[in-house]
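Visitor: structure for this input, please:
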Amino acid sequence: MAHKCVFLDRDGVLNRERGEYTFLPQDFEVIKGVPTAIDELKKNGFLVIIITNQAGIAKGIYTREQMKQCHELLQEACHHAIDAIYYCPYHPTYSASLARKPDSLMFEKAMARFDIKPETSWMAGDKERDLIPARKLGIKTIGITESQAIGEADFMAKNLTEAVAIILEQHKKAPNK
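Guide: Numbering: from 1, shown residues only. Next up, the predicted model:
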């Protein structure tokens, strides 16, 4: 059975964007409203999967273990409702990878593993590179920003709470839920 999914970028969507790498648990701040927004997605039958670039690992700024500690904090804050977290530890200056957004390998792996139907799925991200692979795969997009529009996003929202309201409203209208 094909599933519907909401893919989410991490920094700037789920946790506060600091303008530098966030890898220490004491600096990892889940944005207000995120746990409730994820609960709403789950209540409405969506898988929730994080797709995140973590180039600081390739650059030697932090370790996979430090990143995983932050992901554990995120899962705890979100009542362990996140179905999977895909991360790309590479950076083109150090090591090339088709997984790194704006490439689509992380999405493709998740879609294969969870039997995800792209036409009933969404990607919410705060940068154009988050949305490019989703558009390529036929996934609807929401740019999350408090300022200007992000490239070719299908919809715009100020935060994840607003994005989830849009997703649920659009889902009600969709003929092939």
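
Visitor: got the buried residues for stretch 49-59?
Guide: 49-58 (16 or more other C-beta atoms under 10 Å). Yep, even glycine has a C-beta here, placed from its N, CA and C like the rest.

Visitor: for the protein, longest strand please?
Guide: Ordering each strand of the chain by length in residues (DSSP state E) puts strand 47-53 first.

Visitor: how about residue 36, what does it touch?
Guide: Residue 36 makes contact with residue 161, according to C-beta atoms under 8 Å, 6 or more residues apart in numbering.

Visitor: tell me how far it lies from residue 90.
Guide: In this view, residue 36 and residue 90 are 33 Å apart by C-beta to C-beta, to the nearest Å.

Visitor: one more: residue 1?
Guide: Between residue 1 and residue 90 the distance is 33 Å, computed by C-beta to C-beta.

Visitor: so for these two, which sits in the more crowded spot?
Guide: Using other C-beta atoms under 10 Å as the criterion, residue 1 and residue 90 rank with residue 90 on top: 19 against 4.

Visitor: isn't residue 164 right up against residue 37?
Guide: Yes: applying C-beta atoms under 8 Å, one finds residue 164 in contact with residue 37, separated by 4.4 Å.

Visitor: and the strands in the chain?
Guide: Going by DSSP E, the chain shows strands at 5-8, 47-53, 84-88, 122-125, 140-144, 155-157.

Visitor: can you list the neighbours in contact with the last one?
Guide: Translated: strand 155-157. Residues contacting strand 155-157 (C-beta under 8 Å, 6+ apart): 124, 140-145, 149-150, 163, 165-166, 170.

Visitor: again, only using 7 Å
Guide: By C-beta atoms under 7 Å, 6 or more residues apart in numbering, the surrounding residues in contact with strand 155-157 are 142-144, 149, 163, 166.

Visitor: partner strands of that strand, with direction?
Guide: Using DSSP bridges, the strands paired with strand 155-157 are strand 140-144 (parallel).

Visitor: ok, the longest one next?
Guide: With DSSP bridges as the criterion, the sheet partners recorded for strand 47-53 are strand 5-8 (parallel), strand 84-88 (parallel).

Visitor: highest average neighbour count across those strands?
Guide: Of the strands paired with strand 47-53, the one with the most neighbours on average (mean count of other C-beta atoms under 10 Å) is strand 5-8, at a mean of 27.

Visitor: just the C-alphas of that strand, formatted as CSV.
Guide: What follows is strand 5-8, C-alpha atoms only, in CSV (Å, rounded to 0.1, in the frame of the first residue of the first chain):
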residue,chain,number,x,y,z
CYS,A,5,4.5,11.5,3.5
VAL,A,6,5.6,14.9,4.6
PHE,A,7,9.4,15.3,4.1
LEU,A,8,11.0,18.0,6.3
